[in-house]
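1. fold the following, please.
(one chain, ligands or ions: 1)
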Amino acid sequence: MGCFWFSRHKSGGKPSEVDGELSVSDKVKIYKYKEIRQATDDFNPINKIGEGGFGSVYKGCLRDGKVAAIKVLSAESRQGVREFLTEINVISEIQHENLVKLYGCCVEGNHRILVYNYLENNSLDKTLLVGGYTQSGIKFDWSTRANICIGVAKGLSFLHEEVTPHIVHRDIKASNILLDRDLSPKISDFGLARLMPPNMTHVSTRVAGTLGYLAPEYAVRGQLTRKADIYSFGVLLMEIVSGRSNKNTRLPTEYEYLLERAWKLYERNELVDLVDTGLDGLFDVEEACRYLKVGLLCTQDSPKLRPKMSTVVKLLTGTKNIDNKKITRPGLISDFMDLKVREPVETKAEQVNRHNCTNPSSYNVSSSSGTGENSNACSSGGSSVPFRKE
Ligand SMILES: Nc1ncnc2c1ncn2[C@@H]1O[C@H](COP(=O)(O)OP(=O)(O)OP(=O)(O)O)[C@@H](O)[C@H]1O
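-> As a prediction, the model looks like this:
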């Protein structure tokens, strides 16, 4: 922590780093520690709303009346300090409706604190992926999910293609997608972001991010390009449509990895079976399958084949068509983990989904809701799920 100190630039809005000293952009409001203490009632555990990789998050009310999410960097996390500094400078320079807004920070003494716009409806991992409506009270119907997917795609497209130099987020995942009062998604946690010089195709860096969302070329060779974010987005997209996490160890091996499952179903022309049964069949089959195919396009093994994010937005909104022949095998985590792929078995949900698929205009699987591999109930439980163990 000792090698960093902060100063305010008197001119220009750009942050700079010289000889290990990192200063903060003028666009960042500097809060007094006293104000942060007051806002959180002296970091009262009652106000704690989350715990992340580099500290606790509190809800607080600032002096100007704004409600904020206050991220307190844990003192022992040296790596976290660097991420903290990066995050301040990255976010302060950019604004978009699908990116979380940084109000400011506190850098008094040893304290390192980020102050964000508070988002009322929590993160996708704590709502959609842990039980959907039953747990969170949020109704994730199809149009809500579609809006979330498109919003995240637009936010990422902005970072990748409109911001100069381009920004690779490096940690796109469900816990980094926050929802506001209207369930509009905001990408958060820019702690791992790196500014991409425009003349570089990739920067080689230490691998950071979250297993399950990591692109193979990034996980194995540490090659970081925008295509790594696009891979992670593809995984997230499939999670949103299927309502399950990319990995579920309670399931038999062949169902454990969402991406692997998606590819198998795609090859069998049964992709519809992956759609969340919790939707009670209330979705447009063609559209949901299109979203899953976009997920597969984004997670293709070859980074070059993955579409850029502005194209992803067009594919999701239907202003551009998917060429089926273009989808190739995804980069699968099992390729690196000596995972034994067993004979495919069919879940009850898949059987019911396919049966109903013969009548796509009135797609309904209400009787099987919550019992399939892709249902929320299954993600958090498991023993009563009708899978055949081998
Ligand atoms: N702006 C915000 N508004 C509301 N809640 C927030 C906000 N930022 C964070 N949270 C809550 O705090 C939790 C922790 O967030 P944080 O970004 O610190 O960690 P994470 O993304 O869950 O994990 P990691 O740091 O390992 O990536 C989130 O899951 C969310 O519930």
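2. what is the end-to-end distance of stretch 122-134?
-> Taking Cα to Cα, to the nearest Å, stretch 122-134 runs 15 Å from one end to the other.
3. average pLDDT across that stretch?
-> Stretch 122-134 carries an average pLDDT of 85.
4. got the buried residues for it?
-> Residues of stretch 122-134 classed as buried by neighbour count (16 or more other Cβ atoms under 10 Å): 122, 123, 124, 126, 127, 128, 129, 130, 131, 132. Where C-beta positions appear, they are placed from N, C-alpha and C, glycine not excepted.
5. contacts only, for the third one.
-> Applying Cβ atoms under 8 Å, 6 or more residues apart in numbering to residue 124 gives the contacts 148, 174, 175, 177, 179, 185, 236, 239, 240.
6. any figure for the gap between it and residue 183?
-> Per Cβ to Cβ, to the nearest Å, residue 124 is found 10 Å from residue 183.
7. name the residues contacting each of the two.
-> Joint contacts of residue 124 and residue 183 (Cβ under 8 Å, 6+ apart) are residue 148.
8. hmm, back to that, the contacts of residue 124 also near the ligand: which ones?
-> For the ligand, the contacts drawn from the contacts of residue 124 by Cβ under 6 Å from any ligand atom are residue 175.
9. got a markdown table for the contacts of residue 124, with pLDDT and distance to residue 267 too?
-> A markdown table is the format used below for those (pLDDT from 0 to 100; distance: Cβ to Cβ, whole Å):
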| residue | pLDDT | distance to residue 267 |
| --- | --- | --- |
| 148 | 98 | 27 |
| 174 | 94 | 26 |
| 175 | 90 | 30 |
| 177 | 97 | 29 |
| 179 | 97 | 33 |
| 185 | 98 | 30 |
| 236 | 97 | 22 |
| 239 | 97 | 20 |
| 240 | 97 | 22 |
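10. and residue 296, what element?
-> Assessed by DSSP states H and E, residue 296 sits inside helix 285-298.
11. run through who's touching the very next helix or strand once past that helix.
-> Going down the chain from helix 285-298, the next helix or strand is helix 309-317, by DSSP H and E. Residues from elsewhere that reach helix 309-317, judged by Cβ under 8 Å, 6+ apart: 146, 149-150, 153-154, 156-157, 160-161, 226, 229-230, 233, 290-291, 294, 297-298, 307, 320-322.
12. ok, now with 6 Å
-> With Cβ atoms under 6 Å, 6 or more residues apart in numbering as the contact definition, helix 309-317 has outside contacts at 149, 150, 153, 154, 156, 157, 160, 161, 294, 320, 322.
13. for those, which one is nearest residue 106?
-> Checking those against residue 106 by Cβ to Cβ gives residue 156 as the nearest, at 28.6 Å.
14. sorry, back to before: restrict the buried residues of stretch 122-134 to contacts with the ligand.
-> By Cβ under 6 Å from any ligand atom, the members of these lying near the ligand are 122, 123, 126.
15. let me know the closest of these to residue 91.
-> Taking Cβ to Cβ as the measure, residue 91 sits nearest to residue 123 out of those, at 16.9 Å.
16. thought the closest one was touching residue 175?
-> Yes. Counting by Cβ atoms under 6 Å, residue 123 touches residue 175, with 4.9 Å between them.
17. for residue 189, give me its contacts.
-> 171, 176.
18. any idea how far it is from residue 105?
-> Using Cβ to Cβ, residue 189 is found at 15 Å from residue 105.
19. and residue 327, by the same measure?
-> Using Cβ to Cβ, we find residue 327 at a distance of 43 Å from residue 105.
20. neighbour-wise, which of these two wins?
-> Remark: of residue 327 and residue 105, residue 105 carries more neighbours, 27 against 18, as counted by other Cβ atoms under 10 Å.
21. how close does that one get to the ligand?
-> In this structure, residue 105 lies at 14 Å from the ligand, with Cβ to the nearest ligand atom, to the nearest Å as the measure.
22. correct me, but that residue touches residue 91?
-> No. Between residue 105 and residue 91 there is no contact under Cβ under 6 Å: 9.7 Å.
23. who does whichever residue of the stretch 51-200 of the chain sits closest to the ligand bridge with?
-> Of all residues in the stretch 51-200 of the chain, residue 52 sits closest to the ligand, at 2.1 Å by Cβ to the nearest ligand atom. Note on residue 52: beta-bridge partners by DSSP bridges are residue 55.
24. in the helix or strand hosting residue 259, which residues are buried?
-> Applying DSSP H and E as the criterion places residue 259 in helix 258-267. Buried residues in helix 258-267, counted by 16+ other Cβ under 10 Å: 258, 259, 260, 261, 262, 263, 264, 265, 266.
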